[in-house]
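>>> Here's a sequence, model it:
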Amino acid sequence: MLVIAYSCQNSYVPKPRGYYRIDLPAKEYRSFDTTFPFTFEYPVYSKIYPDSSRMAEPYWFNIYYLPFHAQLHISYKPIKNNLAQYLDDAHTLVNKHIPKANAISQREYVDAAEKVFGLVYEIRGSDAASTYQFYLTDSTTHFVRGALYFDLIPNNDSLSPVIDFLKQDIEHMVMTFRWKKVAK
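Numbers count the residues shown, from 1 in each chain. Purely as a prediction, here's the structure:
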């Protein structure tokens with residue numbers, strides 16, 4: 001009788017936490033070729049809107065990845081003997097993520113034929129607010145900076161598939177980035 005009573009006890013084993021299934025769209029790109037001093041390709045499942053913040057300057061905009069509640073903030077600055085300041089600012093903005101980051105890696109980007117040079121930063125850590133940042137310049141006239149943010153509380157472990165997916169899109173954007181000829 002004791003054996004029957006013991007075998008009827010519930011032995012609860014908690015299940016691991018699950019995450020929502022994320023359906024990723026097929027990769028397809030379109031050209032951003034407007035009156036801006038540069039052009040690039042961006043995904044068809046995203047939308048571009050002008051930056052509406054009070055600090056926005058000409059040629060600042062955001063690329064919204066609507067299905068993922070993410071946005072890539074893009075800012076442009078003309079260079080007027082101040083490239084060192086822009087580079088320092090970009091580095092400082094990346095370093096602000098150090099308290100929440102496990103690691104920050106940087107990779108140099110060089111397209112000498114198109115005069116597009118820059119650094120791409122990958123910021124790892126489950127609580128890092130921005131997981132991917134970059135800057136591009138021609139070293140004499142143009143400077144562009146980008147930073148990826150999510151409109152969610154950071155939990156980059158669960159967002160990892162989306163981060164990797166958007167990272168490919170940003171890499172494509174960087175690789176197709178071209179400066180327009182400036183009339184002198």
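>>> Correct me if wrong, but residue 163 is in a helix.
Yes - applying DSSP: H, G, I helix; E, B strand; the rest coil, one finds residue 163 inside a helix.
>>> quick one: low-confidence parts of the chain?
1-11, 15-21, 154-157, 182-184 (pLDDT under 70).
>>> And the residue nearest the centre of it?
residue 148 (2.8 Å; Cα atoms, centre = their mean).
>>> did I read that right, residue 131 in a helix?
No - according to three-state DSSP, residue 131 belongs to no helix; its state is strand.
>>> Now do the same contact list for it.
122-124, 148, 156, 159, 163, 167 (Cβ atoms under 8 Å, 6 or more residues apart in numbering). No exception for glycine: its C-beta is placed from N, CA and C like everyone else's.
>>> List just the nearest of those residues to residue 85.
Distance to residue 85 across these (Cβ to Cβ) is lowest for residue 123, with 22.2 Å.
>>> dump the residue contacts of residue 169.
Here residue 169 is in contact with 27, 42-43, 46, 65 (Cβ under 8 Å, 6+ apart).
>>> sorry, back to before: now name the helix or strand holding the residue nearest to the centre of the chain.
strand 142-150 (DSSP states H and E).
>>> Output that strand as CSV, restricted to C-alpha atoms.
Extracted C-alpha coordinates of strand 142-150, given in CSV (Å, rounded to 0.1, in the frame of the first residue of the first chain):
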residue,chain,number,x,y,z
HIS,A,142,31.4,63.1,-45.7
PHE,A,143,30.8,61.2,-42.4
VAL,A,144,27.8,58.9,-41.7
ARG,A,145,27.1,57.1,-38.4
GLY,A,146,24.6,54.3,-37.7
ALA,A,147,23.3,52.6,-34.6
LEU,A,148,20.8,49.8,-34.3
TYR,A,149,18.2,49.9,-31.4
PHE,A,150,15.2,47.9,-30.5
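>>> how many neighbours does the nearest residue to the residue nearest to the centre of the chain once chain neighbours are set aside have?
Distances taken as Cβ to Cβ, 6 or more residues apart in numbering place residue 132 nearest to residue 148, at 4.3 Å, with adjacent residues excluded. Number of residues near residue 132 (other Cβ atoms under 10 Å) recorded here: 20.
>>> contacting residues around residue 132?
Per Cβ under 8 Å, 6+ apart, neighbours of residue 132: 120-123, 147-148, 163, 166-167, 170.
>>> And residue 57, by the same measure?
75-77.
>>> What of residue 93?
By Cβ under 8 Å, 6+ apart, residue 93 lies in contact with 133, 145, 147.
>>> That'll do, ta.
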